[in-house]
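> Build the 3D model from these lines:
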Amino acid sequence: MRVTLTRPPGIRRDVALRPPAVAMAFLGEGVPHEAVAVPGVALGEHEVLVAVELSTVCGSDVHTVQGRRPAAVPLVLGHESVGRIVAVGDGGVLDAEGAPLGIGDRVVWSVTASCGSCDRCTAGLTQKCRSVMKYGHERIGVHGELNGGFASHVQLRPGTTIVPVPEQLPAAIAAPASCATATAWAAVARARAIRPLEGTRVRVHGAGLVGLTAAAIAAEHGAVVDVRDPDARRTAVAEEFGATGFDDAPDVVIEASGRAVSVALDEAEVGGTVVLVGSVFPAPAVPFDAEGIVRRLVTVAGVHNYTGADVSAAVGFLTGAGRAYPFATAVGAVHPLSELDRAIAAAAAPGAALRIGVAMR
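Numbering: from 1, shown residues only. Sure, this is the predicted structure:
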């Protein structure tokens, strides 16, 4: 694809794309995705344009398409992606470590773009920025046609954490880093902030990609890990991700399914920690035994999305200790972008692979 940059008045730079970029617009439940041609973008200061190599279908994408998760339409879904920078706006852009990025760099990026200056950002809660923008969740608007991963290109805004990934890291491993892996890292990090994991019993509810990744990360931090899931097939896979199992009460519970919250709260050991990560749509009401939590001195924490440091650490894990685990097998069939509806249907099917891929071909 040929990319032509010209400088119009102001700080935005016109980027003409030949052939045009293609974005798959979600129009609402029961309506097929519609391909939208985007012949160019206005690239702002410190923005970059990324050509997508591979995206993967997250469970929240499925929930949105099925009408179980509210969304402002039309929008371009997809927030687990890996790609290559093809254009850089005025002022340049830095990666998560503060090094300059350039055309040709292979990268993943955070699901959120944050202002960095509001009270939440300065408190370290960048994922809850007062003016947060989320890739794959925003309605299509001015300068916002390419803000989801189910497209040939994504326009990355200022305040996005961008992390380089090595050429040798398979796209099927790299793409989920910006959601599943980073979320799992954030969950384990939340538990570790409360108590060291070396020698502790960690139980993970949910053997989806987030749960299995959390199991592997906890195992690498010295925990004894047990994974529970109604799907016996997925539970059997957990051993390959560091789970050895135990029957005692867990010191740490990571609830990554959204369906075992009550169990997680009830089973934690005295002085234990429960980290809630999983979500289902709509979320069922959960009875809360406040007296039991108080008497057992249980700490309950929630993790939603993650910080830029988490996605950076997630990539570090995947390129380091994570190589010992079969993350490359997590992605099953890979569909072309033009067959996005088939890809999402495959991800929603019983017995589906942990992830279904969407390739830009």
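> Can you list the low-confidence ranges for the stretch 151-300 of the chain?
Scanning the stretch 151-300 of the chain for pLDDT under 70 picks out the ranges 281.
> can you map out the strands along it?
Along the stretch 151-300 of the chain, counting by DSSP state E, counting those that start in this stretch, strands occupy 153-156, 160-164, 201-205, 224-228, 252-255, 273-276, 299-302.
> and the second one, what does it pack onto?
Going back to what we said before, that points to strand 160-164. Judged by 3 or more CB pairs under 8 Å, 6 or more residues apart in numbering; DSSP states H and E, strand 160-164 is in contact with strand 106-113, helix 308-319. For every residue, glycine as well, the C-beta is placed using N, CA and C.
> Just put the strands of the stretch 151-300 of the chain in a markdown table and tack on mean neighbour count and distance to residue 337.
A markdown table is the format used below for the strands of the stretch 151-300 of the chain (neighbours: other CB atoms under 10 Å; distance: least, CB to CB, whole Å):
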| stretch | mean neighbour count | distance to residue 337 |
| --- | --- | --- |
| strand 153-156 | 26 | 11 |
| strand 160-164 | 22 | 22 |
| strand 201-205 | 29 | 33 |
| strand 224-228 | 24 | 33 |
| strand 252-255 | 30 | 33 |
| strand 273-276 | 24 | 34 |
| strand 299-302 | 15 | 34 |
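> Can you tell me which of those strands is nearest to residue 182?
Evaluated with CB to CB, these place strand 160-164 nearest to residue 182, the distance being 9.3 Å.
> Pairing partners for that closest one, with directions?
strand 106-113 (antiparallel) (DSSP bridges).
> Which helix or strand lies directly C-terminal to the strand it pairs with?
Per DSSP states H and E, strand 106-113 leads on to helix 119-122 as the next helix or strand towards the C-terminus.
> before we move on, back to that, please convert the strands of the stretch 151-300 of the chain to TSV, extending it with distance to residue 87.
Converted to TSV, the strands of the stretch 151-300 of the chain look like this (distance: least, CB to CB, whole Å):
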stretch	distance to residue 87
strand 153-156	9
strand 160-164	14
strand 201-205	41
strand 224-228	43
strand 252-255	39
strand 273-276	39
strand 299-302	38
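> and of those, who's closest to residue 61?
Relative to residue 61, the nearest member of those by CB to CB is strand 153-156, separated by 14.7 Å.
> Which residues does the closest one contact?
17, 21, 23, 38, 41, 43, 47-52, 81, 83, 86, 93, 109, 113, 135, 143-148, 162 (CB atoms under 8 Å, 6 or more residues apart in numbering).
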